[in-house]
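Colleague: coords please:
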Amino acid sequence: MNAPPAKSLLSTLEKRYARLVPRIQQLPPSGSRPLTVTGRVAGWITPRATRALTHLDGVRVEPEAVCIDASAAGRRLQINQVLAQAAMLMRDAGCLRAWRDELLDVVGEGKTLGVIERAAIRPLGMLTRAVHLNAWTPDGRLWIALRSATKSTDPGLWDTLVGGLAVAGETLDASLLRESQEEAGLLPGQLEQRSPLRIVLRMHRRLPEGYQVEDVLVSECVLDESIPMSNQDGEVDEIRAVSIDEAWTLVQEGRFTVEAELVVVEGLIRRLLSE
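Modeller: Residues are numbered from 1 along each chain as shown. Below is the predicted model of the structure:
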């Protein structure tokens with residue numbers, strides 16, 4: 001069946017979005033407990049990760065929560081030392097998908113509490129912040145990127161033109177500019193007219209390795225086809241501009257990642273409402 005004309009898509013897109021949200025607003029995995037870091041709620045730790053950390057200095061396992069606090073350690077430690085040791089113990093216990101050698105901020109109750117290896121974030125159910133760029137051509141087509149067939153997560157699926165996690169000590173804007181250069185070869189001067197980053201929603205999704213708690217943010221801009229774009233980090237196989245109807249067809253076929261579908265569908269709705 002052919003996709004409907006773009007203008008008639010609005011109600012269909014709104015229904016799709018309404019069905020998508022429950023898929024990304026899930027309760028924590030069974031048996032998970034709240035995790036506190038230096039006294040602030042900072043995540044949901046899986047039973048397997050809890051077992052791995054039970055005897056670590058600076059970790060206290062209680063019936064209703066797991067607490068990480070360097071001041072409770074038997075020897076003087078900094079919180080980042082405890083978090084680093086926790087990540088290594090979880091790696092040795094097989095709790096992590098893949099070691100990334102990349103640090104993310106540990107955030108609790110709106111405050112940055114420390115840093116930890118990226119691979120340890122999901123087993124601990126800690127908050128991450130993902131920045132996306134929805135870029136349009138002047139004639140209203142959407143730039144999208146095909147994830148490399150060798151990526152460890154969602155290989156071969158379509159994504160927003162730019163999307164990635166903010167790393168430790170990096171502002172959200174700096175993260176977006178870095179990801180834009182790595183994934184599409186875009187320079188800061190080419191993105192000066194983009195809109196400010198805004199939160200689409202906070203995602204809560206059960207994963208095989210733990211719990212994804214993630215603020216999904218997006219910025220929008222117009223990029224002419226004359227602007228050269230090419231992937232720099234080997235994580236994208238193709239960059240393409242598609243019409244609204246073509247983007248909708250890819251959504252229907254399940255060819256976007258869940259996160260990208262959320263950002264793309266929400267962006268399409270906003271664009272059609274503005275016309």
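Colleague: in this structure, which spans are helices?
Modeller: 10-23, 47-53, 79-92, 172-184, 244-252, 258-274 (DSSP state H).
Colleague: now the first one and helix 244-252, what's the angle there?
Modeller: Going by axes from the mean of the first three to the mean of the last three CA atoms, to 10 degrees, helix 10-23 is angled at 30 degrees with respect to helix 244-252.
Colleague: just the mean pLDDT for helix 10-23, thanks.
Modeller: The pLDDT scores in helix 10-23 average 93.
Colleague: output it as PDB, nothing but the C-alphas.
Modeller: The C-alpha trace of helix 10-23 is given here as PDB (Å, rounded to 0.1, in the frame of the first residue of the first chain):
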ATOM      1  CA  LEU A  10      -0.700  14.100  11.000                       C
ATOM      2  CA  SER A  11      -3.400  12.100  12.800                       C
ATOM      3  CA  THR A  12      -1.700   8.800  11.900                       C
ATOM      4  CA  LEU A  13       1.600  10.100  13.200                       C
ATOM      5  CA  GLU A  14       0.000  11.200  16.500                       C
ATOM      6  CA  LYS A  15      -1.500   7.700  16.900                       C
ATOM      7  CA  ARG A  16       1.900   6.100  16.200                       C
ATOM      8  CA  TYR A  17       3.500   8.300  18.800                       C
ATOM      9  CA  ALA A  18       0.800   7.500  21.400                       C
ATOM     10  CA  ARG A  19       1.500   3.800  20.800                       C
ATOM     11  CA  LEU A  20       5.200   4.200  20.900                       C
ATOM     12  CA  VAL A  21       5.400   6.000  24.300                       C
ATOM     13  CA  PRO A  22       4.200   2.900  26.400                       C
ATOM     14  CA  ARG A  23       7.000   0.900  24.800                       C
END
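Colleague: who does it touch, helix- and strand-wise?
Modeller: If you count contacts as 3 or more CB pairs under 8 Å, 6 or more residues apart in numbering; DSSP states H and E, helix 10-23 packs onto helix 244-252, helix 258-274. To be clear about C-beta, it is placed using only N, CA and C from the backbone, and glycine gets the same treatment.
Colleague: list the contacts of residue 104.
Modeller: Residues near residue 104 by CB atoms under 8 Å, 6 or more residues apart in numbering: 115, 116, 117, 118, 121, 126, 128, 165, 166, 167, 168.
Colleague: would you mind measuring from it to residue 139?
Modeller: Distance of residue 104 to residue 139, given as CB to CB, to the nearest Å: 38 Å.
Colleague: one more: residue 252?
Modeller: Taking CB to CB, one finds residue 252 at 23 Å from residue 139.
Colleague: follow-up on the earlier one: relative to residue 185, which of the helices and strands packed on helix 10-23 is closest?
Modeller: helix 258-274 (19.3 Å; CB to CB).
Colleague: ok so, going back, could you dump the helices and strands packed on helix 10-23 to JSON lines with mean neighbour count, mean pLDDT and distance to residue 44?
Modeller: Below are the helices and strands packed on helix 10-23 laid out as JSON lines (neighbours: other CB atoms under 10 Å; pLDDT from 0 to 100; distance: least, CB to CB, whole Å):
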{"stretch": "helix 244-252", "mean neighbour count": "18", "mean pLDDT": "94", "distance to residue 44": "29"}
{"stretch": "helix 258-274", "mean neighbour count": "19", "mean pLDDT": "94", "distance to residue 44": "19"}
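Colleague: dump those into a markdown table; add distance to residue 82 as well.
Modeller: Shown next, in a markdown table, are the helices and strands packed on helix 10-23 (distance: least, CB to CB, whole Å):
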| stretch | distance to residue 82 |
| --- | --- |
| helix 244-252 | 43 |
| helix 258-274 | 30 |
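Colleague: any idea which of these gets closest to residue 54?
Modeller: Across the helices and strands packed on helix 10-23, closest to residue 54 is helix 258-274 (CB to CB), at 32.8 Å.
Colleague: by contact count, what packs against that closest one?
Modeller: Contact here means 3+ CB pairs under 8 Å, 6+ apart; on that basis helix 258-274 packs against helix 10-23, strand 127-136, strand 142-147, strand 158-160, strand 162-165, strand 198-207, strand 210-222, helix 244-252.
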